[in-house]
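Asker: sequence and predicted structure below; questions after.
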Amino acid sequence: HLATSLPLPSERDHLRPRIDLVVFMIDIKSKYSLKNVETSLAHVDASFFLGKVCFLVTGVGRVNACSIETNAICKLGKDYCSPVLYCELELEGIRVATAQRLLRMLQICAGHIPGVSALSFVSLMRNCDDD
């Protein structure tokens with residue numbers, strides 16, 4: 001399910017399936033994209049930041065068109081203890097690999113991979129510099 005921003009409308013709460021993973025997409029070419037994500041973060045329950053949130057940064061193949069500094073995105077990931085994935089959606093191989101990574105993350109967050117929890121998975125993805 002996709003949403004352009006949060007909070008989600010409450011009138012369909014009874015029809016909404018359980019949310020296992022929240023992926024915030026940030027278009028590196030759009031400052032509005034980052035601002036929308038920052039505003040939406042306030043509407044996410046704190047328990048989701050225990051391995052059930054990630055940031056997906058798109059458009060990274062066009063460095064000269066960037067409107068957002070990567071430091072701001074890295075800081076967002078660090079502040080919310082959530083992984084940051086970078087991809088270029090226009091390249092099929094990278095798009096497929098990113099989709100596979102997100103699907104695997106979703107399987108873990110939904111509890112479909114025995115012996116691996118969302119919290120343990122996100123701790124494995126931490127950058128060595130975070131220690």
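Answerer: Nice, thanks for sending it over. All values derive from a computational prediction rather than experimental measurement.

Asker: from here on, contacts and neighbour counts on C-alpha atoms
Answerer: OK.

Asker: who's in contact with residue 85?
Answerer: By Cα atoms under 8 Å, 6 or more residues apart in numbering, the residues touching residue 85 are 54-57.

Asker: in three-state terms, label it for me.
Answerer: In three-state terms, and counting by DSSP: H, G, I helix; E, B strand; the rest coil, residue 85 is strand.

Asker: which residue packs closest to residue 22, ignoring adjacent ones?
Answerer: residue 53 (4.7 Å; Cα to Cα, 6 or more residues apart in numbering).

Asker: phi and psi next, for the one you found.
Answerer: phi -130, psi 140 (degrees, to the nearest 10).

Asker: mind checking how far it is from residue 11?
Answerer: Using Cα to Cα, to the nearest Å, residue 53 is found at 24 Å from residue 11.

Asker: do the same with residue 66
Answerer: Taking Cα to Cα, one finds residue 66 at 37 Å from residue 11.

Asker: what about these two, which has more around it?
Answerer: residue 66 (16 against 8; other Cα atoms under 10 Å).

Asker: would you check that the residue nearest to residue 22 makes contact with residue 37?
Answerer: No - when contacts are counted by Cα atoms under 8 Å, residue 53 is not listed as touching residue 37 (11.9 Å).

Asker: shared neighbours of these two, anything?
Answerer: The contact lists of residue 53 and residue 37 share residue 24, where a contact means Cα under 8 Å, 6+ apart.

Asker: show me where this structure has its helices.
Answerer: Per DSSP state H, the chain carries helices over the ranges 31-41, 70-79, 92-109, 118-124.

Asker: closest one to residue 47 among those?
Answerer: Smallest distance to residue 47 across the helices of the chain (Cα to Cα): 10.4 Å, for helix 118-124.

Asker: other SSEs contacting that closest one?
Answerer: For helix 118-124, the packing partners by 3 or more Cα pairs under 8 Å, 6 or more residues apart in numbering; DSSP states H and E come out as helix 92-109.
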